[in-house]
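J.: A structural model of the following input is requested.
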Amino acid sequence: MAAVVTATAATVVPVGTAGAAPRHQDGLSPDILAIMDKPAYEHAQWGLLEIDDTTGEVIHSQYPNQFFIPGSTAKLVSVSGTWHALGGEHRFTTPVQAVGSRSGSVLDGTLALVAQGDLTMGGRTKPDGSVDFTPIDHTYANDLPGATLTPENPLAGLDGIAGQVRASGITEVHGDVAVDPRLFAPDAGLDPTPTPLIINDNLIDLLTTATTPGQPAQLSWRPQVAPYQVESTVQTVAAGGTTSIDVSASPDGTHITLSGTIAADAQPTLRVSQVQDPNAFGRTALIEALARAGVTVTAPPTGPNPVGLLPDSYDGTQRVAAYVSPVYAEYARLILKVSHNLGANLGICLMAVTTGSHQCEDGFAVLRDFLIQAGIDPTKVQLLDGRGGNPVDRVTPDVENEILHYWQGTPEATRFREALPILGVDGSLAFACAGCPTCPGKGKVWAKPGTVAGFDAVNQRLAIGAETLGGYLDAGHGRLHTFYLAVNGASTQDINTFFDVVNDLNRIAGLLQEQAEARS
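T.: So this is what the prediction gives:
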C-alpha cells in the first residue's frame, strides 16, 4: 500500500553514537509528504529521525539535533531514569508500625503507615500481579471524552493492610493512626504533585449514568471515605442532547458537586475531583479499613493527619502489616501505556530518594547521571518535570532514539518495548486505527505519544504546541527501527480537528513501519 523508501538516501553511523545524523527528506514517500504539507502544518516545524537499530543506518532524518517540545514523550526519558535507578523488579514495601505498648490485643499508642511512594497501593493490581489500565485513564476524565475506570477496588491495599493488623492480634488501638509522609517533601513545582502516599491517584471518581429524560441522572462515586460527600444536580435530557457535566468542590475538597446534563443515549460519563490532603484522606481510609477488619481505633476517624505522634525512627517498634507492590516495571508500563502524569512526576522524587535525599529536585541529578552512564549527551534534554508538561521541557529526536537504542542493549529490552502503547491495540494508541480497516502499522508500532495544546485567543483556534510520537517499528525478520516523530506549531479549528493531527502522526508512523518492513 505504501511506497517503499529508497535506500540511496540512507547513511550509516556507528550504532549508539551521539553524533549528528544528516538532514535529508528525499527518502520520504509521497503519502507521508502529503500529510506533512497539510494546511494545519503551514507554520509548523517537523522533526523526524528513524534508525535501523541493528546497523545504525539512518533511514530518515529531519532536524535530528534541534530541540522540540516533547509533550509526554518526555516520559521516555524520565521513566527510563527511574527504571534504571530502581530496577524493573523493585517492589515498594509500605509497612505499618505499632508505636507504643501492647497488652494482649490492645495497642496503647499509634499505628503508623510509613508511606513509600507506591503509585497505586493495590488499587489497580489484578489477580496475576499485573497493573490494570484502560485506554483513556480516569486521570484524564475532566479533559478527554471516553475515560473509564478499572474494576479493581482502589482501597484494596489498605484493606489488605487492615487484615494483616487484625491477624497480628490487634483488635483495639487506644490511640491514633498516622500516615508517615517523610519519604520526600511534595514538590509543588511538579504538576500533578507527587505525595509519598497515593490512593486512587489522589482522586475521587464520579460516574454519571443517564436515566429517563427529565429525571435526575444516576451517580456513583469512589472511593467513599469520610468526610467526603458528593451531590449531583445533573439532569438526563433527550437522546442526542448535550452531555456537559461540571465538577466543583469546597476549598478542602471534601464537598463535591456535579451539575449539568447527560443525554439519555450517552455512555456513563466519568469526572474526577482532587483529594486536597492525601495524608488525612489515607489516614481516614485506613481507620475505616481497620473497622471493616474488626479493629477499633479510639481516635476520631476524620481530621488532620497527626504527624506529631510519629517517632524519630522505628527502632524497637513492631511491624504489624506491610503492603508489597507489583514490580516497578508494571508501574512503568502503566505510566507509558496511559501517559500517567502523576506516576511520571513521582519517578523524579523516587530517584531523589535513592540518593538519600528528601527533595524531589535532586532526582534530576540522578536522571542526568543515568544519561551519562548510558553514553547519552544530557544537554540534548531539558526537563523540569517527569511528565513533559513544563514550558521549559525540550528533547531532540536524536536523544529519544538514543534512549530507545539503550534499552535494546539491556535484558529489559522486550519488557520496555512492550510497556509502550501499541498502535491500534492498547494504551493511548488503542483507538489509532478506529475507522481505518487497512490501518498501516497496526500491532507493529510500539510508541509513546505526546501532546501540548491550548486555545489560541487571537485566532479563536486550537494551538498545538507539540504532537509527538517515539518508539519502535517492526522492520521484519526480527529487526527493529527506532524512531522519533514531532511536529511543533500546528493549528486546528477545534478539539475534533485536533484528533486529525493525532491521527496524522499515527498514520505516518504506520507508513514508516510498512516501508521499513518492505525494505528488509
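
J.: quick one, helices of the stretch 201-350 of the chain?
T.: Applying DSSP state H, counting those that start in this stretch to the stretch 201-350 of the chain gives helices spanning 278-293, 328-338, 341-353.

J.: cool, the stretch 351-500 of the chain as well?
T.: Counting by DSSP H, counting those that start in this stretch, the stretch 351-500 of the chain has helices at residues 363-373, 397-408, 413-418, 495-519.

J.: The third one packs against which elements?
T.: Contacts of helix 413-418 with other secondary structure elements, assessed using 3 or more CB pairs under 8 Å, 6 or more residues apart in numbering; DSSP states H and E, are made with helix 328-338, helix 397-408. Heads up, the C-betas are built off the backbone N, CA and C, glycines and all.

J.: about what we covered before: okay, the helices of the stretch 201-350 of the chain in JSON lines with distance to residue 478 next?
T.: Below are the helices of the stretch 201-350 of the chain laid out as JSON lines (distance: least, CB to CB, whole Å):
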{"stretch": "helix 278-293", "distance to residue 478": "46"}
{"stretch": "helix 328-338", "distance to residue 478": "23"}
{"stretch": "helix 341-353", "distance to residue 478": "31"}
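
J.: Which SSE is immediately downstream of the helix or strand bottoming out on mean pLDDT in the chain?
T.: Ranked by mean pLDDT, DSSP states H and E, the weakest helix or strand in the chain is strand 11-12, scoring a mean of 30. Using DSSP states H and E, the helix or strand that follows strand 11-12 towards the C-terminus is helix 30-36.

J.: on that earlier part again, comparing the helices of the stretch 351-500 of the chain, which comes out most buried?
T.: helix 397-408 (a mean of 25; mean count of other CB atoms under 10 Å).

J.: need the contact list for the residue nearest the centre of the chain.
T.: Nearest residue to the geometric centre of the chain (CA atoms, centre = their mean): residue 340, 1.0 Å. For residue 340, the contact set (CB atoms under 8 Å, 6 or more residues apart in numbering) comprises 119, 137, 139, 201, 334.

J.: And it, how far from residue 507?
T.: To residue 507, residue 340 is 25 Å away according to CB to CB, to the nearest Å.

J.: do residue 410 as well
T.: Counting by CB to CB, the gap from residue 410 to residue 507 is 31 Å.

J.: likewise residue 449?
T.: Residue 449 is 13 Å from residue 507, by CB to CB.

J.: Mind telling me what element residue 148 is part of?
T.: Counting by DSSP H and E, residue 148 is part of no helix or strand.

J.: Count residues in the vicinity of it, would you?
T.: The number of residues packed near residue 148 is 16, by other CB atoms under 10 Å.

J.: What of residue 300?
T.: 10.

J.: Give me the distance between it and residue 316.
T.: Going from residue 300 to residue 316 by CB to CB gives 28 Å.

J.: residues touching the nearest residue to residue 442 once chain neighbours are set aside, list them.
T.: Once flanking residues are discounted, residue 442 sits nearest to residue 424: 3.8 Å by CB to CB, 6 or more residues apart in numbering. Contact analysis of residue 424 by CB under 8 Å, 6+ apart lists 430, 432-433, 439, 441-443.

J.: what's residue 401 in contact with, if anything?
T.: Contact analysis of residue 401 by CB under 8 Å, 6+ apart lists 49, 51, 64, 470, 482-484.

J.: burial measure for the residue nearest to residue 73 when sequence neighbours are not counted, as a count.
T.: Sequence neighbours aside, residue 450 is the residue nearest to residue 73 in space, at 3.9 Å (criterion: CB to CB, 6+ apart). Residue 450 is flanked by 28 other residues according to other CB under 10 Å.

J.: Residue 450 against residue 336, yeah?
T.: No: with contact defined as CB atoms under 8 Å, residue 450 does not count as touching residue 336 (11.2 Å).

J.: show me the contacts for residue 318.
T.: 97-98, 102.

J.: So of the contacts of residue 340, which two are at opposite extremes in space?
T.: Using CB to CB, the contacts of residue 340 reach their maximum pairwise distance at 119 and 137, which is 12.4 Å.

J.: Which one's more surrounded, the two?
T.: Remark: of residue 119 and residue 137, residue 119 carries more neighbours, 25 against 22, as counted by other CB under 10 Å.

J.: The more buried one contacts residue 196, doesn't it?
T.: No: judged on CB under 8 Å, residue 119 makes no contact with residue 196 at a distance of 11.0 Å.

J.: any weak-confidence spans in the chain?
T.: For the chain, applying pLDDT under 70 flags the ranges 1-26.

J.: Just the C-alpha atoms of stretch 68-87, please, in CSV.
T.: The C-alpha trace of stretch 68-87 is given here as CSV (Å, rounded to 0.1, in the frame of the first residue of the first chain):
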residue,chain,number,x,y,z
PHE,A,68,11.3,20.1,20.1
ILE,A,69,8.6,20.5,22.7
PRO,A,70,8.2,16.8,23.6
GLY,A,71,4.8,16.6,25.4
SER,A,72,4.5,13.2,27.1
THR,A,73,7.3,11.7,25.0
ALA,A,74,9.5,13.2,27.8
LYS,A,75,8.3,10.2,29.8
LEU,A,76,10.6,8.0,27.7
VAL,A,77,13.4,9.9,29.4
SER,A,78,12.1,10.2,32.9
VAL,A,79,10.7,6.6,33.1
SER,A,80,14.0,5.3,31.8
GLY,A,81,15.9,7.1,34.5
THR,A,82,13.5,5.8,37.2
TRP,A,83,13.5,2.3,35.9
HIS,A,84,17.3,2.3,35.8
ALA,A,85,17.6,3.7,39.3
LEU,A,86,15.1,1.4,41.0
GLY,A,87,15.4,-1.7,38.8
